[in-house]
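> attaching a predicted model along with its sequence, questions to come.
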Amino acid sequence: MPTLQGKVAVVTGSGSGIGQAIAERLAQEGANCVVDYRDHVEQAQATADKITAAGGKAILVHADVSVLSDCSNLIEQAWQQLGSCDILVNNAGVEKGADFWDVTEADYDFVLNVNLKGAFFLTQAFVRKLRDAKKPGRVINISSVHEDMVFPHFSTYCASKGAMRMLMRDLAVELGPLGITVNNIAPGAVDTPINTSLLANKPKLDALLANIPLGRLAKPEEIAGLAAFLASDDAAYVTGSTYVIDGGLMRNYHEQ
Ligand code: NAP
């Protein structure tokens, strides 16, 4: 039997890249999915079509995760239209490069409001419903190697992902008694639209690839495989951890 039969998952930012691959994979494992999008409904519809092709049910919900009322509506729609909400994947994320001294308040709000505030309050909405229904659940945050590894000129991104690491650790302890597990997936470089400018810049890409022991970017499907494991019964006793999936990037230290 598929490992996630009868489960319902919300995957934020699932019209693109890693989120799309996760939604499709969870559906292949038997889950029904809420496909969340902010700007690109046509891409979200493509995800929904993949879920249906995999035998799952999909609903599309527009939700900007940086808006609290959108967060509560996203979880509410899962319960109303699919009958439950057992798995939350906080995947929606943005980045904006700038020298630290040039970062504006608008840059800061743009990145932190999506990557951190969104995950924070969406998880709160998810947990409140499970607590009231006395049901267990899974929270899977897509953080980044930059929850731990420096990324000069991306201080807002690092701040958001580093905070996501501590939020995950804290919630694993606080929510454990409710039967809710909380874990992070920390990808290295993945071949998705967020990296469009990197992929178009050969010298920069080659320099990055030289630092990755496996010599390539990850495919979104590889991140999705790890998410499927963390959502499955096999991971029932796993909580409070970050799973790095980076082709060895973080361990590639060289003596000069
Ligand atoms: P992507 O292809 O650019 O997708 C980002 C998704 O986030 C889009 O579907 C976008 O939806 C959604 N989104 C952005 N702002 C949103 C908001 N306010 N509300 C709801 N959805 C919003 O990027 P990706 O590479 O798949 O990234 C997914 C996650 O993985 C991010 O958290 C990123 O930080 C993390 N990550 C990526 C990499 C990498 O190398 N790709 C590495 C480490 C971590 P719309 O298109 O509808 O706006």
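Received, thanks.

> now do the residue of the stretch 51-200 of the chain found nearest the ligand against residue 49, distance only.
For the stretch 51-200 of the chain, the residue closest to the ligand is residue 93, as judged by CB to the nearest ligand atom, at 2.1 Å. Placement of C-beta: from N, CA and C, glycine included. Note on residue 93: its distance to residue 49, by CB to CB, to the nearest Å, is 23 Å.

> between those two, which is the more surrounded one?
residue 93 (26 against 13; other CB atoms under 10 Å).

> what distance do you get for the residue lying closest to the more buried one once chain neighbours are set aside to residue 70?
In this structure, residue 93 finds its nearest non-sequential neighbour in residue 115, 5.0 Å apart by CB to CB, 6 or more residues apart in numbering. Separation of residue 115 from residue 70 (CB to CB): 15 Å.

> what does residue 7 give?
Residue 7 sits 23 Å away from residue 70, taking CB to CB as the criterion.

> residue 221 now?
Here the criterion is CB to CB. By it, residue 221 lies 28 Å from residue 70.

> likewise for residue 198?
Distance, residue 198 to residue 70, using CB to CB: 29 Å.

> between these two, which one's more packed in?
It is residue 70, of residue 198 and residue 70, that has more neighbours when counted by other CB under 10 Å, with 19 against 14.

> contact partners for that one?
Residues counted as contacts of residue 70 (CB atoms under 8 Å, 6 or more residues apart in numbering) are 62, 63, 64.

> how about stretch 185-201: buried residues?
Within stretch 185-201, the residues scored as buried using 16 or more other CB atoms under 10 Å are 185, 186, 187, 188, 189, 190, 191, 192, 194, 195.

> out of those residues, who's nearest residue 102?
The shortest gap between residue 102 and any of the buried residues of stretch 185-201 belongs to residue 194, at 20.8 Å (CB to CB).

> surely the closest one is in a strand?
No. Counting by DSSP: H, G, I helix; E, B strand; the rest coil, residue 194 is not found in a strand; it is helix.

> got the contact list for it?
Neighbouring residues of residue 194 by CB under 8 Å, 6+ apart: 17, 93, 94, 95.

> correct me if wrong: the second one contacts residue 13.
It stands for residue 93. Yes. Residue 93 lies in contact with residue 13 (CB atoms under 8 Å); the separation is 6.7 Å.

> close to the ligand: what parts of the stretch 151-256 of the chain are there?
Applying CB under 6 Å from any ligand atom, one finds that the stretch 151-256 of the chain approaches the ligand through 187, 189, 190, 192, 193, 194, 195.

> which two in these are spaced the farthest apart?
Using CB to CB, those span at most 14.1 Å, a distance reached by 187 and 193.
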